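Trainee: Give me a model of this one.
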Amino acid sequence: MPETPEQPSRQRLFFALWPDGRTREALAGLQAALPVRGGRPMRVGNIHLTLAFVGETDADTRDCLIRQAGSLRLPPLRFRIERLGYFPRPRVLWAGPRQTPEALAGLVAALNAALAPCGYVPEARPFRAHVTLFRKVARAPRPLAFEPIEWPVTDLCLVESVPEGGGVRYVVIARFSLTG
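Mentor: Here you go, the predicted model:
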């Protein structure tokens, strides 16, 4: 199939939790309140929680990923964003749960298993639930207390990373309901 603007022959893809409006607003408020010097804030519209990074993908693999993710039968879940963290190597400031909730870890494990027939190989490092708020931060800010953010999860998304003006824009290309 020839490449079209709507569906290029290769796409940079990942699976993520995409926050609902209320959760996104709360995360954007937290981001705005952080006393960060330097660094680049994530665009509010790009805020998400990555479940599985797939990378450069051709159309056949993308279609396989969509079929396999669509076969998952998992219940909705909810968790709390209640702490800040800092990854010094990529210089990322993030927010996340104190510990990855069992239901969220189960969702990631089920997704990884479902995607295996498409050639997906999960990352070797253990899954660590986090939402990137800033990139290229020179050092972690002082600890900041904040009101925990409840995140109800009713679906997971397949997302494309689209280069745009010196950055990226994330576009949800498929949603998969968690209905149990």
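Trainee: hang on, Glu147 is in a helix, isn't it?
Mentor: No - remark: Glu147 does not belong to a helix; assigned using DSSP: H, G, I helix; E, B strand; the rest coil, it is coil.
Trainee: how near is it to Leu74?
Mentor: Here Glu147 is placed at a distance of 28 Å from Leu74 (CB to CB, to the nearest Å). C-beta: built from backbone N, CA, C; applies to glycine.
Trainee: more crowded one of these two?
Mentor: Leu74 (18 against 10; other CB atoms under 10 Å).
Trainee: Can you list the buried residues in the lowest-mean-pLDDT helix or strand in the chain?
Mentor: Among the helices and strands of the chain, strand 38-41 carries the lowest confidence by mean pLDDT, DSSP states H and E, at a mean of 88. Within strand 38-41, the residues scored as buried using 16 or more other CB atoms under 10 Å are 39, 41.
Trainee: For whatever helix or strand comes next after it, C-alpha coordinates in PDB please.
Mentor: Counting by DSSP states H and E, the element after strand 38-41 in chain order, helix or strand, is strand 49-58. Output in PDB follows, covering the C-alpha atoms of strand 49-58 (Å, rounded to 0.1, in the frame of the first residue of the first chain):
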ATOM      1  CA  LEU A  49       1.900   6.900  30.900                       C
ATOM      2  CA  THR A  50       3.800   4.600  28.600                       C
ATOM      3  CA  LEU A  51       3.000   0.900  28.900                       C
ATOM      4  CA  ALA A  52       5.000  -0.600  26.000                       C
ATOM      5  CA  PHE A  53       7.300   1.200  23.600                       C
ATOM      6  CA  VAL A  54       7.200  -0.500  20.200                       C
ATOM      7  CA  GLY A  55       9.400   1.900  18.100                       C
ATOM      8  CA  GLU A  56       9.500   2.100  14.300                       C
ATOM      9  CA  THR A  57       6.800  -0.100  12.900                       C
ATOM     10  CA  ASP A  58       5.600  -1.000   9.400                       C
END
